[in-house]
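Asks: For reference, the sequence and a predicted model appear below.
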Amino acid sequence: MTEWLAMGGYAGYVWGSYSVCAAAIAIELWRLRVRRLGALRAARIEAEAGIAG
Amino acid sequence: MAWIYRYASPATFYPVAGVLAPWFMAAAALLAGLGLYIGLIAAPTDFQQGDAYRIIYVHVPAAWMSMLIYIVMAIYAVLYLTFNTRLSAMMMNALAPTGAMFTFLALWTGALWGRPTWGTYWVWDARLTSELILLFLYFGFMALNAAIEDARRADKAAALVAIVGVVNVPIIYFSVQWWNTLHQGASVSMTASPKMASIMLSGMLVMGLAAWMYAIGAALKRVQTIIVEREVGADWLRRHLGDNAQVGRVA
């Protein structure tokens, strides 16, 4: 396991690549969720105001 | 032709995207799991580059997607300017952030691969420079779109950027043939047998497919949000939100 993590001495390069890819995807999915919930909230407020009005 | 216009309506496409997106995301997760297993565990160490070569499993898929997404974006831009279909503009906008992310990842992983194999993180050769220009094109597209208040005018201007900028994609792709670059030539092409071991190649292709599925899933999720943002006040959206609220209350 330790040997595998060491990546033959290239651990910084290999894991530096994979971890940033994972982080970028995680951030994108999180941003997508925040934007989606925000849009739905705004649309709901408008819809309720529309029905009430 | 009528069916095209039916599915080009945001109201019709919204639920379709909602059904499809989770399937693409699930496929992406499964393929990525398999690809990571092949790339990080099953595939042997390269005799020349050692384990540094394993960056290929994220670098090449990211680079492929950076170019492919831009091409698809440009196609939607042409469709939008030709047929004036609003959904095309929405799809074009939905793809840009994911394309920019893959372009950044291609550059980042490339730098981390370049250091141990070339001895430098960055060099101004044709391949690297044109890929950096691609990142700026994505940024320019998004910035222009965000800077113009009126959505239709913003879409038209951004669509032009997408179309003009697409000329950069073949430059990236063929740069390694046209110029003397430090970056190596293509390892995989349609016309020649691949220049790598089959297990390494299969790992790379599986990861490429995973990236493809992820990009489609992310674009579908984002286009749903864009549809909601732009269709606020539309009857269908009010009904949709109302129905869901009732279902929520009953459940």
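Replies: Done, it's in. Numbers count the residues shown, from 1 in each chain, chains lettered A, B, ... in the order given.
Asks: Show me where the chain has its helices.
Replies: Just so you know, I chose chain A. For chain A, the helices defined by DSSP state H cover A:2-6, A:11-52.
Asks: I was after chain B.
Replies: Secondary structure of chain B (DSSP H): helices at B:2-7, B:10-37, B:56-83, B:86-118, B:126-147, B:151-165, B:168-178, B:198-230, B:235-250.
Asks: Those helices: which one's closest to residue B:189?
Replies: Using Cβ to Cβ as the criterion, the shortest distance between residue B:189 and the helices of chain B is 10.4 Å, found for helix B:168-178. Backbone N, C-alpha and C define where each C-beta goes, glycine included.
Asks: Tell me the buried residues in that closest one?
Replies: By neighbour count with 16 or more other Cβ atoms under 10 Å in any protein chain shown, helix B:168-178 contains the buried residues B:168-169, B:171-173, B:175-176.
Asks: Just give me the least confident of the residues you listed.
Replies: On pLDDT alone, residue B:176 ranks lowest of those, at 89.
Asks: sorry, back to before: out of the buried residues of helix B:168-178, the closest to residue B:219 would be?
Replies: For residue B:219, the nearest member of the buried residues of helix B:168-178 is residue B:169. The distance, counting by Cβ to Cβ, is 17.7 Å.
Asks: Make sure that closest one is actually in contact with residue B:133.
Replies: No - taking contact to mean Cβ atoms under 8 Å, the distance of 10.3 Å between residue B:169 and residue B:133 leaves them out of contact.
Asks: can the helices of chain B go into JSON lines with extra columns for distance to chain A?
Replies: Supplementary listing: those in JSON lines, determined by distance: least, Cβ to the nearest Cβ, whole Å:
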{"stretch": "helix B:2-7", "distance to chain A": "21"}
{"stretch": "helix B:10-37", "distance to chain A": "8"}
{"stretch": "helix B:56-83", "distance to chain A": "5"}
{"stretch": "helix B:86-118", "distance to chain A": "4"}
{"stretch": "helix B:126-147", "distance to chain A": "13"}
{"stretch": "helix B:151-165", "distance to chain A": "14"}
{"stretch": "helix B:168-178", "distance to chain A": "20"}
{"stretch": "helix B:198-230", "distance to chain A": "4"}
{"stretch": "helix B:235-250", "distance to chain A": "4"}
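Asks: Just send these back as CSV, with distance to residue A:17 too.
Replies: Below are the helices of chain B laid out as CSV (distance: least, Cβ to Cβ, whole Å):
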stretch, distance to residue A:17
helix B:2-7, 39
helix B:10-37, 12
helix B:56-83, 6
helix B:86-118, 4
helix B:126-147, 15
helix B:151-165, 26
helix B:168-178, 20
helix B:198-230, 12
helix B:235-250, 41
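Asks: Out of those helices, which is closest to residue A:40?
Replies: Once Cβ to Cβ is applied to the helices of chain B, the stretch that comes out nearest is helix B:198-230, at 6.0 Å.
Asks: Just the angle for the closest one relative to helix A:11-52, thanks.
Replies: When axes from the mean of the first three to the mean of the last three Cα atoms, to 10 degrees is applied, the directions of helix B:198-230 and helix A:11-52 differ by 30 degrees.
Asks: where does residue B:125 fall, phi/psi-wise?
Replies: With angles defined as degrees, to the nearest 10, residue B:125 shows backbone torsions of phi -90, psi 170.
Asks: Alright, that wraps it up for me.
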